[in-house]
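Peer 1: dropping the sequence and predicted coords here.
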Amino acid sequence: MTRRVLLALALAPFPPLPAAAQPGIRAGDLVITQAWSRAAGQGGQGAGYLTIANRGTAPDRLLSASSPAAGRMELHSMVRDGDVMRMRQVPAIDIAPGATVELRPGGLHLMFVGLGQPLRQGETVPVTLRFERAGEVSLGFAIQAAGARGPAHHGH
């Protein structure tokens, strides 16, 4: 290759890493990855999902979340009530030492309540998580299509 082509390749921006390959956001002993949500309309509700790994030797707890996009955020679980799955607000989400907790559709998740703006596919919404030990951490939730089942991966 010519020097000009090699130089152009070296200076070209790198494509984003797939979510699984990203190192994640550190908060104390916690590593947070794959933060995403689905598209949702203004005034409604949305759900947020992510993975939290505790790499330390002490337990931690997710106590709350907030976002300028929502009037409030709640921590939720899904429980079976007879033949029906129902959401229940929970006071905290425990993350044991050495454990990984996945907030996902049909399980633990965050709720964006009273959206002040729509969550649009392709955009990112800021969220601040508050942990008992690790403190506060701010990150962006990537907005996927309304029916998405998981975070998008580059090239898929």
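Peer 2: Right, received. Where do you want to start?
Peer 1: any low-confidence regions in this protein?
Peer 2: 1-23, 153-156 (pLDDT under 70).
Peer 1: quick one, helices of it?
Peer 2: Secondary structure of the chain by DSSP state H: the helices cover 3-11.
Peer 1: ok, which stretches of this protein are strands?
Peer 2: 25-27, 30-38, 45-54, 60-66, 70-81, 84-89, 93-95, 100-103, 109-115, 124-131, 135-144 (DSSP state E).
Peer 1: the most centrally placed residue in the chain and L103, how far apart?
Peer 2: Against the mean C-alpha coordinate of the chain, by C-alpha atoms, centre = their mean, the closest residue is A35 at 2.1 Å. A35 sits at a distance of 9 Å from L103 (criterion: C-beta to C-beta, to the nearest Å). Heads up, the C-betas are built off the backbone N, CA and C, glycines and all.
Peer 1: list residues touching both of those two?
Peer 2: 48-50 (C-beta atoms under 8 Å, 6 or more residues apart in numbering).
Peer 1: just the buried members of the residues you listed?
Peer 2: 48-50 (16 or more other C-beta atoms under 10 Å).
Peer 1: coming back round to it: reformat the strands of the chain as a markdown table; add distance to A152.
Peer 2: Shown next, in a markdown table, are the strands of the chain (distance: least, C-beta to C-beta, whole Å):
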| stretch | distance to A152 |
| --- | --- |
| strand 25-27 | 18 |
| strand 30-38 | 7 |
| strand 45-54 | 12 |
| strand 60-66 | 21 |
| strand 70-81 | 22 |
| strand 84-89 | 24 |
| strand 93-95 | 24 |
| strand 100-103 | 17 |
| strand 109-115 | 17 |
| strand 124-131 | 12 |
| strand 135-144 | 6 |
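Peer 1: between those strands, which one is nearest to P151?
Peer 2: strand 30-38 (4.1 Å; C-beta to C-beta).
Peer 1: that closest one pairs with which strands, and in what direction?
Peer 2: strand 25-27 (antiparallel), strand 45-54 (antiparallel), strand 135-144 (parallel) (DSSP bridges).
Peer 1: now the second one, how far from the centre of its chain.
Peer 2: For strand 45-54, the separation from the chain centroid amounts to 4 Å (computed by C-alpha atoms, centre = their mean, to the nearest Å).
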